[in-house]
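Engineer: structural data only, the sequence is not supplied:
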């Protein structure tokens, strides 16, 4: 069977968007409208003739509406294989009428959780009858059309117009697929709530993760790959995915990935002095914090202005005009900020291709949550790296203790290092990164690369010495040998912050003492892969 004429429709929706217009269009085609509770009232208030579901079932709604559509006359009308003689005989014997169209969207469980409702209210917003009807209709899509989203109403009306009042099998198949996706997402949200609401399980036996496609991207990491952006179903923080793109070309897969890396690092400075982060290929290439945003930009750019070309810029405070003008002096792919004033927007508007993404308030960098990484044949799931250290966590392991300024530089370098791909080495001085070494297979090379970049910057800008001189150096994991630390000492660093924990810690500490370095252990590693 291909075309199915719509003669009877069952409508039961929480989201009333477009309901009246849909009801009017169906009624104009002579469709028998059957409905429940508030949906029936909304249709009647619009002057439409509607039959209550209880008239169809011969059984009243009961238990505060918990039981109204869970009835054989509903599900028999949805599930019957109409050209099956036994099914047809059962329908005739029990006076079950066929239902050709089901329009259902589910109780607002996600919104109820998001507003902080109590447990009883959340439980009452777990829909039972709705998903049952959706699944029955979708299973029997050979005969029944199911709509779960007001966005599909126009498609249905177009289908009816083209066919003279029927739906075709390809349309019903598409709607069935969307229906099962909707119920899967709905059940996933409920599953997550039960698993995580009381922090009973960090890693439930079955992990249900679903999302709703927000946009299809031009391509993936490379042009031959396809890509899309999904928003997680269920409670989630606002971030890059929900940002408002004010101008510029559409964001690419790489843009989103790099912008998120910059956004996450900028969030480390939430509520602090102005900070600027420059990212390239998901690695910071310059970070600075200063009294003004413009000074922070200048400091971050000076760290590695070559890598900054074509990079992503993120700030922890709203953008101002002078900073925007300075950013526009080099080619920048994306600028991410909580907001931007009129002068900043005007400056960026002259760069038509530059993407400006405004995110609103930055998230708490210490928030919980899970990271999910696909591997061949499975998923790796871990808690977010939200660990933090304080002054009390530091263990001074060298003969010389760090000065107050060296401690400040250590903390700044440590904050940046946790966002750099391992092996990560970060030199910092006076709230500015002096050199960043990322992603090397050994720590010594990361240390030398970071120092080399600092030396190149000093030569380019005519400084008397590289900024690594008198700097603090952070390592995301322990130094397995003294060579990486000695490379930092050769570059002029005077203080070191690292997790410690190597079997050669004593050797590394002795090398630090011999070089006159102050060194502290954090006891916390920050690998990033």
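Structural biologist: Received it, and whenever you're ready, just let me know what you need. Everything numeric in this text was worked out from a predicted model, so none of it was measured.
Engineer: end to end on stretch 488-498, go ahead and measure it.
Structural biologist: From its first residue to its last, stretch 488-498 covers 13 Å (Cα to Cα, to the nearest Å).
Engineer: and the average pLDDT for that stretch is what?
Structural biologist: For stretch 488-498, the mean pLDDT works out to 97.
Engineer: buried stuff in that stretch?
Structural biologist: Within stretch 488-498, the residues that qualify as buried by neighbour count (16 or more other Cβ atoms under 10 Å) are 488-489, 491-498. For every residue, glycine as well, the C-beta is placed using N, CA and C.
Engineer: where's that stretch relative to the chain centroid, distance-wise?
Structural biologist: On the basis of Cα atoms, centre = their mean, to the nearest Å, stretch 488-498 is displaced by 37 Å from the centre of the chain it belongs to.
Engineer: what's the farthest-apart pair in the buried residues of stretch 488-498?
Structural biologist: Farthest pair in these (Cβ to Cβ) is 492 and 498. Separation: 17.5 Å.
Engineer: was I right about residue 29 contacting residue 5?
Structural biologist: No: taking Cβ atoms under 8 Å as the definition, residue 29 is not a contact partner of residue 5, at 9.4 Å.
Engineer: shared neighbours of the two, which are they?
Structural biologist: The overlap between the contact sets of residue 29 and residue 5 (Cβ atoms under 8 Å, 6 or more residues apart in numbering) consists of residue 165.
Engineer: what about the nearest residue to residue 240 once chain neighbours are set aside, distance to residue 136?
Structural biologist: Setting aside the residues directly before and after it, residue 240 is nearest to residue 260 in space (Cβ to Cβ, 6 or more residues apart in numbering), at 4.6 Å. Computed with Cβ to Cβ, to the nearest Å, the distance linking residue 260 and residue 136 is 40 Å.
Engineer: same question, residue 107
Structural biologist: Remark: distance between residue 107 and residue 136 (Cβ to Cβ) = 18 Å.
Engineer: more neighbours, those two?
Structural biologist: Set side by side, residue 107 and residue 136 show more neighbours around residue 136, with 20 against 17, by other Cβ atoms under 10 Å.
Engineer: next up, the contacts around that one.
Structural biologist: The neighbourhood of residue 136, defined by Cβ under 8 Å, 6+ apart, consists of 75, 78-79, 144.
Engineer: and if we set it to 6 Å?
Structural biologist: For residue 136, the contacting residues are 75, 78-79, by Cβ atoms under 6 Å, 6 or more residues apart in numbering.
Engineer: what score does it have for pLDDT?
Structural biologist: In this prediction, residue 136 has a pLDDT value of 91.
Engineer: quick check: closest non-adjacent residue to it.
Structural biologist: Beyond its immediate neighbours in the sequence, the residue positioned closest to residue 136 (Cβ to Cβ, 6+ apart) is residue 78, lying 4.1 Å away.
Engineer: phi first, then psi, for the residue positioned nearest the centre of the chain.
Structural biologist: Centroid-nearest residue in the chain: residue 241, 5.4 Å away (criterion: Cα atoms, centre = their mean). Dihedral angles phi and psi of residue 241 (degrees, to the nearest 10) take the values phi -60, psi -30.
Engineer: how is this structure carved up into domains?
Structural biologist: For the chain, whose domains are defined here by automatic domain parsing, the residue ranges read 4-196, 240-358, 393-521.
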